[in-house]
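Asker: when you get a sec, could you give me coordinates for this:
(one chain, ligands or ions: 1)
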Amino acid sequence: MKNEETIILGAGLAGLSAAYHLKKGYALFEKDGEIGGMARSVHKDGYTFDYDGHLLHFRNEYTFNLVSELLNGNLAPHKRNSWVYSKGIFTRYPFQANFYGLPNSVVKDCLMGLIKARVLSASHLNSNGSFESWIIKTFGEGVANHFMKPYNKKFWTVDLRELTCEWLDGFVPVPDLEDTVTGAISDNTKPYGYNSRFWYPVKGGISELVKGFSGKIRSAHVNKKAVTIDQRRKEVVFEDATIKKFKNMITTIPLPELSGLLVDMPSEVQQAFSMLRWTSIYVLNIGIKSDNLTERHWVYYPEENVIFYRVGFPTSFSTDAAPENRISIYAEIAYSDVKKIDKFEALPKAISDLKTCGIISEESEVEICLPMDIKYGYAIYDSNRRHAVQIIKNYLERFEIYTIGRYGSWKYMSMEDVILEGRALAEKMNSCNKYKVEAKA
Ligand SMILES: Cc1cc2nc3c(=O)[nH]c(=O)nc-3n(C[C@H](O)[C@H](O)[C@H](O)COP(=O)(O)OP(=O)(O)OC[C@H]3O[C@@H](n4cnc5c(N)ncnc54)[C@H](O)[C@@H]3O)c2cc1C
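Answerer: Predicted structure coming up:
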């Protein structure tokens, strides 16, 4: 490798996309033995498990065309079939448009809360900009108490008053009042939200997309963990003691890890790094001997007594995900520094909850369980996040170091989002002699 070229750290989808779109020379380094980051799949005993369900949603035609080309026909569309399980019954997702079948007292609470919030006195409700106040102002007390608050507390693990609304961006559907009333008195199958349709590889799991990228870029150097980045000398040191000089760097390393790699940072930047908070996800990938294939894609669990917040069924979006007469399940459990979990107890509790909630039967035989511990799951959007990320990005850009990706931008980003971010940065670099690119938090 020549010195002084563009170095990309991390071969997840953000790094792969940057490499794919860069027209100038680059070298791509990945700490693990294989590329793909969060978009990898594990193949074991005939099962294919992603690092948690990884479904493709497209808001942008460019990404749809690119992904279709990279997957070369190995891509199928699906109409979302997702549910909420509460009060002992399944209701359609999203909860806020589907009270049908819930106990009458719950339906009444939810409808009255919504009417008060929307029609009678929306203006009297205080909004202090927190996610919790947005929930109450938008959906009223009934939906807040019966679903939104318990579910989101379980998912984000922190007090919802600490969260801003910056991450919402269409993630939480807001149905109109008429639709909500329809969904209270009948089965409402109207699609809502950004993920009402999704796409998934027919075979091989989400890592097929990574394979598609790898065929189109210069090969990545794997088992190359960056351990020090001297931003002033423009040098990166790897775990194997090799040193590379760079002119520009694109890093997709999670920001809390990056902070330990940089040298001699000003205290303001160190402080910005120390403000970042996150939730972790413990995923139990489970294979079960059963021919009881559900049509449901995934189910949300708001109630505190159930250990997981969501359960998905890979065999419902790809029959190739498990051997014949088997189903596969992923159960997602959130934890953080304020909500600890006991990982040894998680599996038996999850299996017991899957039985109680009617997902598997008492007789079901668990054939395989692959736990995956995702340390950086979701950036916590508290009031410090935006400013802290801006300080970090601005500082790094002085050295022509650009931090991108879900954990490099410290944002709630989908696969499509990080592919687009990698592309946008590469295109700016392609069009500049001196790669000076404006930072966005
Ligand atoms: C639980 C969960 C579920 C998700 N579900 C979906 C979904 O259904 N649909 C969807 O679109 N998106 C989903 N996502 C988001 C999606 O996974 C990400 O947006 C995307 O994969 C992130 O890509 P990335 O390249 O930014 O980060 P990563 O995939 O994390 O890539 C970063 C890479 O950097 C490498 N690295 C780290 N440190 C070093 C180092 N020191 N030196 C060298 N390399 C290093 C890592 O090994 C990794 O390969 C989900 C995310 C989570 C957490």
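
Asker: CA atoms for contacts and neighbours, from now on please.
Answerer: Will do.

Asker: confirm residue 133 sits in a strand?
Answerer: No: assessed by DSSP: H, G, I helix; E, B strand; the rest coil, residue 133 does not belong to a strand; its assignment is helix.

Asker: for it, give its distance to residue 164.
Answerer: Taking C-alpha to C-alpha, to the nearest Å as the measure, residue 133 falls 10 Å from residue 164.

Asker: repeat that for residue 31.
Answerer: Per C-alpha to C-alpha, residue 31 is found 33 Å from residue 164.

Asker: count the neighbours of the closest residue in space to residue 158 that isn't next to it in sequence for me.
Answerer: Among residues not flanking residue 158 along the chain, residue 338 sits closest, at 7.0 Å (C-alpha to C-alpha, 6 or more residues apart in numbering). Residues near residue 338, counting by other C-alpha atoms under 10 Å, number 10.

Asker: now swap in residue 112 and tell me
Answerer: Neighbours of residue 112 using other C-alpha under 10 Å come to 17.

Asker: same deal with residue 243?
Answerer: For residue 243, the neighbour count with other C-alpha under 10 Å is 15.

Asker: identify the residues contacting the residue nearest to it when sequence neighbours are not counted.
Answerer: Leaving aside its sequence neighbours, residue 243 sits nearest to residue 237 (C-alpha to C-alpha, 6+ apart; 4.5 Å). Shown in contact with residue 237 (C-alpha atoms under 8 Å, 6 or more residues apart in numbering): 226, 227, 228, 229, 243, 244.

Asker: now, these that are in strands?
Answerer: Residues of the contacts of residue 237 located in strands (DSSP state E): 226, 227, 228, 229, 243, 244.

Asker: tell me where the stretch 1-150 of the chain has strands.
Answerer: 5-9, 26-29, 41-44, 47-50, 76-79, 82-86, 89-92 (DSSP state E, counting those that start in this stretch).

Asker: figure out which of those is closest to residue 406.
Answerer: strand 5-9 (13.6 Å; C-alpha to C-alpha).

Asker: I'd like the average pLDDT over the closest one.
Answerer: On average, the pLDDT along strand 5-9 is 95.

Asker: which residues are in contact with that strand?
Answerer: 15, 19, 25-30, 226, 245-253.

Asker: can you give me the buried ones in the helix or strand hosting residue 179?
Answerer: According to DSSP states H and E, residue 179 maps onto helix 177-185. For helix 177-185, the neighbour count (16 or more other C-alpha atoms under 10 Å) marks 177, 180, 181, 183, 184 as buried.

Asker: now that helix - C-alpha only, CSV.
Answerer: The C-alpha trace of helix 177-185 is given here as CSV (Å, rounded to 0.1, in the frame of the first residue of the first chain):
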residue,chain,number,x,y,z
LEU,A,177,-58.1,10.2,14.2
GLU,A,178,-60.5,8.6,11.7
ASP,A,179,-58.1,5.8,11.1
THR,A,180,-57.6,5.2,14.8
VAL,A,181,-61.4,5.0,15.3
THR,A,182,-61.6,2.5,12.4
GLY,A,183,-58.8,0.5,14.0
ALA,A,184,-60.7,0.5,17.3
ILE,A,185,-63.8,-1.0,15.9
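
Asker: does the ligand have contacts with stretch 380-389?
Answerer: No: against the ligand, stretch 380-389 shows no contacts by C-alpha under 6 Å from any ligand atom, the least distance being 12.2 Å.

Asker: how much space between the residue lying closest to residue 210 once chain neighbours are set aside and residue 29?
Answerer: Using C-alpha to C-alpha, 6+ apart and skipping residues adjacent in sequence, the residue nearest residue 210 is residue 36, 5.6 Å away. As for residue 36, its distance to residue 29 is 12 Å (criterion: C-alpha to C-alpha).

Asker: and for residue 261?
Answerer: 15 Å.

Asker: looking at these two, which is more packed in?
Answerer: Neighbours were tallied for residue 261 and for residue 29 using other C-alpha under 10 Å; the higher tally belongs to residue 29 (23 against 18).

Asker: pull up the gap between that one and residue 203, please.
Answerer: For residue 29 relative to residue 203 (C-alpha to C-alpha), the value is 28 Å.
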